[in-house]
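K.L.:
just need the structure, nothing else, for what follows:
(4 chains)
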Protein chains: 2
Amino acid sequence: MKSSRTRLKDVAAKLNLSPALVSGVLNNRPHIWASEETCARILEVAQELNYYPSAAAQALSRGKTDLIVFVYKRLPEAAYRLAYSGLMDALSSELQGAGYDLTVANFATQEEVMAHLQKLASSRGCDAIVLWGREEDTEPQAKLLEALNIPFVVKGRHEVVHPHWYQVDFDHESMMAQCYQRLVALGHQRIAYLGFESDDGFVQCLKSGFLNSRSRHPVEAEESPLFFAEFGDEFEPNICKIREWLHLSPKSRPTGFVIGAGNKAWQALEVGLAEVGRKLTNKPGGFSASGITSSPFNLMFGEADVYQEIEIDKLARFVIPALVRSLNHESGDERIVRFLPKLSQARTLAINVKKSLQEGEATI
Amino acid sequence: MKSSRTRLKDVAAKLNLSPALVSGVLNNRPHIWASEETCARILEVAQELNYYPSAAAQALSRGKTDLIVFVYKRLPEAAYRLAYSGLMDALSSELQGAGYDLTVANFATQEEVMAHLQKLASSRGCDAIVLWGREEDTEPQAKLLEALNIPFVVKGRHEVVHPHWYQVDFDHESMMAQCYQRLVALGHQRIAYLGFESDDGFVQCLKSGFLNSRSRHPVEAEESPLFFAEFGDEFEPNICKIREWLHLSPKSRPTGFVIGAGNKAWQALEVGLAEVGRKLTNKPGGFSASGITSSPFNLMFGEADVYQEIEIDKLARFVIPALVRSLNHESGDERIVRFLPKLSQARTLAINVKKSLQEGEATI
DNA sequence: CTGAAAGCGCTTACAG
DNA sequence: CTGAAAGCGCTTACAG
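P.N.:
Below is the predicted model:
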């Protein structure tokens, strides 16, 4: 009982109407004339016969696939994979709402990505493309799409070199500024920065966000040293640096920490503090931190205001409007979307193994 | 300079050949005759003109879209979202290798999913479908696809009611059995189980895997109590139960833990042990645990052999072969794939705040 | 062994 | 206001 799908002419035949009329009504094309009643009957029969137009035939005749392709180069680091978690949920659901389907294509190498983009363009396999990944990868990809004259949106910070590209990303500078302000408001005088060691665009923006805040703000005496460190997403180098900082004298060690790095940095910070009998707090007078996190995130011992995982989904939701603008070749500054999330309190396990761990009872 | 894409007849014209011949050679159809040299020239010109066949035209004339759709109902719990992390990477890359593109469609409600499946089938929008999610959701979805006679593979444990479905999942029973054996090998006599509180198929399989191992294995005296608890993915209920167990006398409390739950259970276990000055170890004589984890996973204090995050990707790789079998309507037992991962050592922060935390120095 | 022709299932000017 | 016809770009029997 192979159910041969219903075609347009089947529903037209059943109604004794021409396929053209039925097509016109079903797509409610303007300037199509059919009585109210005929329209109703057409809808009814279409539903009754379970008619859905052939996607391929429509794509061929309309020259439009209603397909958006999400393209990226696979990154080996688990941290990046996790950053994509929830992205498909958000993108697919937004696109469905806009009448598009989402196709996903990822490749191990940049060459494969470029070849696929070329193929997509030449085979008219989609209406538009979303590029995701590091700037060093997405930049040549976007250039190719630009040359091929195919609409696209790219995730990333390309405003300096390519201000005319449709692009979406966080406002990393302001995020770090918010964190810095938060710590200043808590009364911290010496505020350290833990970042990533990377040329990635967002990393540089995080860094300059911190440095600009610091130089603009008067709390740190100009001659006070700059507590600044960048590492890969690993525990060891972070903990070493933190130990070094924490072993400075109480008058000279940093008490506030802006984190422009991943969960390993947070873990190192908490462990480092625990080693000296302290934990993070949101109250004045202790050690405090604020910054970005990867998902899932929770503190072990203390408390802190951070940017939580869910933000990447929110970011994804800006992609679709940008895509629509791109498809319509709308111009203007709204080609560049920069999203500033809000700080919120991190969940914590509030582990309290020994009394000596409690705030204020430094033991070393 | 809108680059109008090259069509088949363009390359045919340039070669003074008929489109039919060119098409035949490009698709290297059997029984097509063209001299070696002609073939070479065709390939050459196609490449030179950057020719890729129109996806829509091919789909229409061949009745095949080369599209696989990955369909699921969105689940609100972050834990589930994370379980999908890496899935797209694995699925897309496998499919690209098999000549298919991956399309993703997710919806908030079951009704929307069902409607989309109906539409996909009727619009011939894809060649096959991958269903992912909980059995209670995927079962009616799969039934619909079966009725619509469209090839599919479903993630899940449907072997009892639907042994003829193409399905892929972990061998949860054997996983729990492996964990149990591991603890027995370490000399544990009283082995507890921490699971999820859920009707999900995999949860039931984990549970029966543990219970069967236990009943088959002679180490536990038949009258020894069953240490067994199931909770949602939350910290509090787990820690309460663990405290209760750990406060039993050394002769009667459990020393081994099989974890059929998420990271919250692990955190609770580690915190509970830390509260009594202990941590997990892989050596005989202490407290040990083994089980499943969500990604990313690391222990805070101790060590343990666990199933790591990456397994979900490995699982995904079994989907494509199953899909191909499904497309060819191959029969046999290989419709059901059950994957048994290997235990491996979890990363640990090895936090060691106070000496009293060290193994063997119980303090309470 | 080759090329002209029909067909896939829609859409959309274009004549009635 | 309507319907017959051509066209989207391929593929594939089918006659030469």
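K.L.:
strands along chain A, start to end?
P.N.:
For chain A, strands defined by DSSP state E occupy the ranges A:67-73, A:101-107, A:128-132, A:152-155, A:167-170, A:191-196, A:228-231, A:256-260, A:288-292, A:305-307, A:336-339, A:344-345.
K.L.:
want to throw those strands into CSV with distance to residue B:72?
P.N.:
Backbone N, C-alpha and C define where each C-beta goes, glycine included. Output for the strands of chain A, formatted as CSV (distance: least, Cβ to Cβ, whole Å):
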stretch, distance to residue B:72
strand A:67-73, 16
strand A:101-107, 13
strand A:128-132, 20
strand A:152-155, 23
strand A:167-170, 25
strand A:191-196, 32
strand A:228-231, 37
strand A:256-260, 33
strand A:288-292, 28
strand A:305-307, 27
strand A:336-339, 26
strand A:344-345, 28
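K.L.:
find the nearest non-adjacent residue to residue A:14, please.
P.N.:
Nearest residue to residue A:14 in three dimensions, chain neighbours excluded: residue A:45, at 5.6 Å (Cβ to Cβ, 6 or more residues apart in numbering or on different chains).
K.L.:
for burial, what's the neighbour tally of that neighbour?
P.N.:
The burial count assigned to residue A:45 is 18, neighbours taken as other Cβ atoms under 10 Å in any protein chain shown.
K.L.:
list the contacts for it?
P.N.:
With contacts defined as Cβ atoms under 8 Å, 6 or more residues apart in numbering or on different chains, the neighbours of residue A:45 are A:11, A:14-15, A:51.
K.L.:
can you report how many residues lie near residue A:308?
P.N.:
Using other Cβ under 10 Å as the criterion, the residues surrounding residue A:308 number 20.
K.L.:
okay, now residue A:50: neighbour count?
P.N.:
The tally of other residues near residue A:50 (other Cβ under 10 Å) stands at 15.
K.L.:
residues touching it, list them.
P.N.:
Neighbour list for residue A:50: A:6, B:118, B:122 [criterion: Cβ under 8 Å, 6+ apart].
K.L.:
just the pLDDT at it, thanks.
P.N.:
With respect to pLDDT, residue A:50 has a value of 90.
K.L.:
ditto for residue A:178
P.N.:
With respect to pLDDT, residue A:178 has a value of 96.
K.L.:
residue A:136 too?
P.N.:
Reading off the per-residue confidence, residue A:136 sits at a pLDDT of 93.
K.L.:
the closest residue to it other than its chain neighbours - how many residues pack around it?
P.N.:
If you skip the residues right next to it in sequence, residue A:136 has residue A:199 as its closest partner in space, 7.1 Å away by Cβ to Cβ, 6+ apart. Other residues lying near residue A:199 total 10 when counted by other Cβ under 10 Å.
K.L.:
how about residue A:129?
P.N.:
The burial metric for residue A:129, expressed as a neighbour count using other Cβ under 10 Å, is 28.
K.L.:
tell me the bridge partners for it.
P.N.:
For residue A:129, the beta-bridge assignment (DSSP bridges) gives partners residue A:69, residue A:152.
K.L.:
these two touch, right, it and residue A:151?
P.N.:
Yes. Contact between residue A:129 and residue A:151 holds when scored by Cβ atoms under 8 Å: they sit 7.3 Å apart.
K.L.:
domain ranges for chain A, per the record?
P.N.:
For chain A, the structural domains run A:8-53, A:67-171+A:313-339, A:172-309+A:344-357, going by automatic domain parsing.
K.L.:
residue B:98: which of those domains is closest?
P.N.:
Counting by Cβ to Cβ, residue B:98 lies closest to domain A:67-171+A:313-339 out of these; the figure is 13.3 Å.
K.L.:
the closest one: end-to-end distance?
P.N.:
End-to-end distance for domain A:67-171+A:313-339, by Cα to Cα, to the nearest Å: 26 Å.
K.L.:
so how far is residue B:24 from residue A:205?
P.N.:
Using Cβ to Cβ, to the nearest Å, we find residue A:205 at a distance of 54 Å from residue B:24.
K.L.:
quick one, which of the two is more surrounded?
P.N.:
Higher neighbour count among residue A:205 and residue B:24: residue A:205, with 21 against 18, using other Cβ under 10 Å.
K.L.:
what residues are up against the closest residue to that one other than its chain neighbours?
P.N.:
With Cβ to Cβ, 6+ apart as the criterion, residue A:205 has its nearest non-adjacent residue at 3.7 Å, and that residue is residue A:172. The contact partners of residue A:172, by Cβ under 8 Å, 6+ apart, come to A:157, A:202, A:205-206, A:209.
K.L.:
where's residue A:172 relative to residue A:311, distance?
P.N.:
Residue A:172 sits 12 Å away from residue A:311, going by Cβ to Cβ.
K.L.:
closest point of the stretch 201-350 of chain A to DNA strand D, which residue?
P.N.:
At 19.1 Å from DNA strand D, residue A:327 is the closest residue in the stretch 201-350 of chain A, using Cβ to the nearest atom of the strand.
K.L.:
and that residue, how many neighbours?
P.N.:
Once other Cβ under 10 Å is used to define contacts, residue A:327 is seen to have 18 neighbours.
K.L.:
so how far is residue A:106 from it?
P.N.:
23 Å.
K.L.:
now for the closest residue to residue A:154 other than its chain neighbours: which residues touch it?
P.N.:
In this structure, residue A:154 finds its nearest non-sequential neighbour in residue A:131, 4.2 Å apart by Cβ to Cβ, 6+ apart. By Cβ under 8 Å, 6+ apart, the contact set of residue A:131 is A:71-72, A:138, A:141-142, A:145, A:152-156.
K.L.:
so which bits of the stretch 1-150 of chain A are right by DNA strand D?
P.N.:
For the stretch 1-150 of chain A, the contact set with DNA strand D under Cβ under 7 Å from any atom of the strand comprises A:17-21, A:32-35, A:57, A:60-61, A:63.
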